[in-house]
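[1] Based on what follows, work out the 3D shape:
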Amino acid sequence: MNSNNYKDTLHEEDVAAIIIEPVLSEGGYCPAPPEFLKQVRDFAHYKDALMICDEGIASGFPLSAVATRREIADACDPGMLGGTYAGNALSCAAAVEMQKVIQEEGMVENSRVMGERLRDNLRNIQSSAVSKGLIGDVRGLGLMMGLKFAKEAEPGIKAKISQAALDEGLLLLGCSTYEVVRFAPALVNITAEDIDKGTDMLERALRSI
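    Presented below is the predicted three-dimensional model:
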């Protein structure tokens, strides 16, 4: 992080917090490098500002929560941290159960292992003739994996590939205005067979266009 850019852009004494999304979702599954996050944290500490990380917690249910140090929470009056999604009983119950399932079923470790398999499969496709040079990058974290199409690909390639994949039985998630498609399989009980089946579908979709 360049402190000179910070000084040129902002009045340092007015900055209360730095807000960052550790993995850009609509940006195309771009994970922030750990070293960069460490630099942001150190920089925020140096400037006596908060570092705020934004991520979801309830598997799609409308819910928000704030976790922070006691001295920060104690500085807030009751009600100051309220919001549109606060206090939804169903969402709270879903979040609690989600946390239990994640721990009991080892989903974090399975996501890591299956995510590595998904990444390897996609990179094998990227380097093969079947990709036709269309795949510019494979990126993501765990089972959140994105394919960025090369600059040389024809306009609208995202929609074309998504439809071809759907014809094969594979539902991909688009990405805002970027030429990126995202893989976001369910974490529950996903297996190596599921990963291989999905990437085989993608390979057939690429062959068909």
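[2] Extract the residue ranges of this protein that are flagged as low pLDDT.
    1-12 (pLDDT under 70).
[3] what secondary structure does the residue of the chain most remote from its centre sit in?
    Ranked by distance from the centre of the chain (Cα atoms, centre = their mean), the top residue is D77, with 32.7 Å. At D77 the chain is in coil, as set by DSSP: H, G, I helix; E, B strand; the rest coil.
[4] quick one: it and E179, what's the gap?
    Between D77 and E179 the computed distance is 47 Å (Cβ to Cβ, to the nearest Å). Placement of C-beta: from N, CA and C, glycine included.
[5] what does I102 give?
    32 Å.
[6] same deal with A164?
    Distance, A164 to E179, using Cβ to Cβ: 15 Å.
[7] So between the two, which is more surrounded?
    A count of neighbours by other Cβ atoms under 10 Å puts E179 above the other of A164 and E179, at 22 against 19.
[8] Pull the contacting residues for L187.
    102, 107, 110-111, 143 (Cβ atoms under 8 Å, 6 or more residues apart in numbering).
[9] go on, E154?
    Neighbour list for E154: K160 [criterion: Cβ under 8 Å, 6+ apart].
[10] Break down this structure into its helices, ranges please.
    Secondary structure of the chain (DSSP state H): helices located at 3-9, 34-46, 70-73, 89-104, 107-127, 157-167, 192-208.
[11] and for the fourth one, what are the contacting residues?
    Right, helix 89-104. With contact meaning Cβ under 8 Å, 6+ apart, helix 89-104 is reached by 57-59, 61-63, 65, 85, 107-108, 187-188.
[12] which of the residues you listed are buried?
    By neighbour count, with 16 or more other Cβ atoms under 10 Å, these hold 58-59, 61, 63, 107, 187 as buried.
[13] farthest pair in those residues?
    Spanning the widest gap among the buried ones among the contacts of helix 89-104 are L63 and M107, at 18.3 Å by Cβ to Cβ.
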